[in-house]
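J.: fold the following and give me the result.
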Amino acid sequence: MKVNMLSRVADGMFWLNRYMERTDGMLLTLNTFYILSFDKEMEDSLGYKPLLEYYTSLSKTQISQAQYDSTYVLKYIVCDSQNQNSVKNLVTKARENARGSQDKITKELWEHINSMYHFMNAPDLPKKLETAEASTIISKLNKKLLMYNGIVNVTMPRGLGWWFSSIGKHIERCLQTITLTQSYYAPIHYNLEGKEDLMYWRRLLLSLSGYELYLKSYSNIPHNRKVVQQVIFNDEFAHSVIYTLSLIEVYLESLFKDNNLNEARTLRNQFGRLKSYVEFTDYHNLTNQQLEDLLNHTKAELIKFSIDFSKLFFSYT
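T.: Reported below is the predicted structural model:
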């Protein structure tokens, strides 16, 4: 490939942003569920189940036992060393990738990631999550992730490192959106004509930073089809499937510019088919089965693309 960057450095940039995007999405979802858990007037049939199903490797039995236990979930998601997707472990992995790519990232970015690492490894953090300080800690972590994204956008040069890290970020974000959307449509059998009220969809929309936009854009019921329009097809919503796929396409084109190798053409075509599948779906006439198939197919193909992309750029053999 015509890429002037060591594959291990490109790999580090790709996974640095994937890990931090995963942390960001996970914390946003955790904070949403935690705050809403105090609303005793709202019927809550899922609890923390969508969060635990996607971001942990707990068994169905373990999830069933823990899905309403805020203290357990907070500690397991934030700082449990045995949970490979805990915030503590993800920040540690991100720091390792940042260290290996230090000549490609800015001083400001390294210092911020390092400060997050030390915050997550404070010995009194697990105990604090059992107290009234828990809400403050989660809020502080969310702000640290907002700062991370700001530092990346303001200080990072727009070159190879930016392209690799941005592709990683948006693959991760797209998978989050698809999986969280599935977790709310599967229990209602993907019923687009159902009468679920706004309170049912509030958790999903807040977890994707899309609740305010939804209220401004889709104020009338029924919500089941309109939520699909926002989280999958709205090209102005930063967490929508089509928006994230469009950005991946932009960064891919930057990587493949002036490159006519067969591998590059094959990967570009592979991604083009994936994006077109979503882009040319008529959501106005979408059936329940088509929605289920759309989410399953897009998720499977995006995972396959991510694997093929990594094989092409990050293989050391």
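J.: and the contacts of the host helix or strand of Leu274?
T.: Assessed by DSSP states H and E, Leu274 sits inside helix 262-279. For helix 262-279, the surrounding residues in contact (Cβ atoms under 8 Å, 6 or more residues apart in numbering) are 1, 232-233, 241-242, 245-246, 248-249, 252-253, 256, 294, 297-298, 301-302, 304-305, 308-309, 312. The way it works is simple: take the backbone N, C-alpha and C, and place the C-beta from them, glycine included.
J.: can you tell me the element Asn85 falls in?
T.: Asn85 belongs to no helix or strand when elements are defined using DSSP H and E.
J.: and it, its phi and psi?
T.: According to degrees, to the nearest 10, the main-chain angles of Asn85 amount to phi -100, psi 20.
J.: check the closest residue to Tyr184 other than its chain neighbours and give its pLDDT.
T.: With Cβ to Cβ, 6 or more residues apart in numbering as the measure, Leu204 is the residue that lies nearest to Tyr184, at 4.8 Å, once sequence neighbours are left out. Predicted confidence (pLDDT) for Leu204: 95.
J.: in the helix or strand harbouring Leu204, what's buried?
T.: Here Leu204 sits within helix 198-207, counting by DSSP H and E. By neighbour count, with 16 or more other Cβ atoms under 10 Å as the criterion, the buried positions of helix 198-207 are 200-207.
J.: for it, packing partners?
T.: In terms of contact count using 3 or more Cβ pairs under 8 Å, 6 or more residues apart in numbering; DSSP states H and E, helix 198-207 is assigned the packing partners helix 7-36, helix 49-55, helix 160-185, helix 211-217, helix 224-228.
J.: can I get those helices in TSV including mean neighbour count, mean pLDDT and distance to Tyr72?
T.: Formatted as TSV, the entries for these read as follows, by neighbours: other Cβ atoms under 10 Å; pLDDT from 0 to 100; distance: least, Cβ to Cβ, whole Å:
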stretch	mean neighbour count	mean pLDDT	distance to Tyr72
helix 7-36	22	94	12
helix 49-55	22	92	10
helix 160-185	23	96	19
helix 211-217	15	93	26
helix 224-228	20	95	29
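J.: mind pulling up the pLDDT for the closest residue to Lys128 other than its chain neighbours?
T.: With sequence-adjacent residues excluded and distances taken as Cβ to Cβ, 6+ apart, Lys128 is closest to Ile137, at 6.0 Å. Note for Ile137: predicted pLDDT of 96.
J.: again, but for Leu255
T.: Among the per-residue scores, Leu255 holds a pLDDT of 89.
J.: now Met156
T.: Model confidence at Met156, expressed as pLDDT, equals 95.
J.: name the nearest residue to it, sequence neighbours excluded.
T.: Here the nearest residue to Met156 in space, its sequence neighbours aside, is Trp162; by Cβ to Cβ, 6+ apart that works out to 5.5 Å.
J.: check the gap between the one you found and Lys104 for me.
T.: Distance check for Trp162 against Lys104: by Cβ to Cβ, to the nearest Å, it reads 9 Å.
J.: swap in Pro222?
T.: Using Cβ to Cβ, one obtains 48 Å as the distance from Pro222 to Lys104.
J.: got it, and Ala264?
T.: The span separating Ala264 from Lys104 equals 22 Å under the rule Cβ to Cβ.
J.: in terms of neighbours, single out the busier of the two.
T.: Per other Cβ atoms under 10 Å, whichever of Ala264 and Lys104 has more neighbours is Lys104, with 23 against 19.
J.: stretch 151-165 spans what distance, first to last residue?
T.: Looking at stretch 151-165, the gap from its leading to its trailing residue is 14 Å under the measure Cα to Cα, to the nearest Å.
J.: show residues contacting that stretch.
T.: With Cβ under 8 Å, 6+ apart as the test, stretch 151-165 has contacts from 3-5, 9-10, 13-14, 16-17, 101, 104-106, 108-109, 112, 251, 254-255, 313.
J.: if we use 7 Å, what do you get?
T.: Contacts of stretch 151-165 from elsewhere in the structure, counted by Cβ atoms under 7 Å, 6 or more residues apart in numbering, are 3-5, 10, 13-14, 16-17, 101, 104-106, 108-109, 112, 251, 254-255.
J.: look up the pLDDT of Asp44 for me, please.
T.: pLDDT at Asp44 comes out at 69.
J.: hmm, back to that, immediately after the helix holding Leu274, which helix or strand?
T.: Past helix 262-279, further along toward the C-terminus, the next helix or strand under DSSP H and E is helix 288-314.
J.: now that following helix and helix 7-36, what's the angle there?
T.: In this structure, helix 288-314 runs at an angle of 140 degrees to helix 7-36, with axes from the mean of the first three to the mean of the last three Cα atoms, to 10 degrees as the basis.
J.: in helix 288-314, which residues are buried?
T.: Of the residues in helix 288-314, those scored as buried under the neighbour-count criterion (16+ other Cβ under 10 Å) are 288, 291, 294-295, 298-299, 301-302, 305-306, 309-310, 312-314.
J.: other SSEs contacting it?
T.: Secondary structure elements in contact with helix 288-314, counted by 3 or more Cβ pairs under 7 Å, 6 or more residues apart in numbering; DSSP states H and E, are helix 7-36, helix 160-185, helix 262-279.
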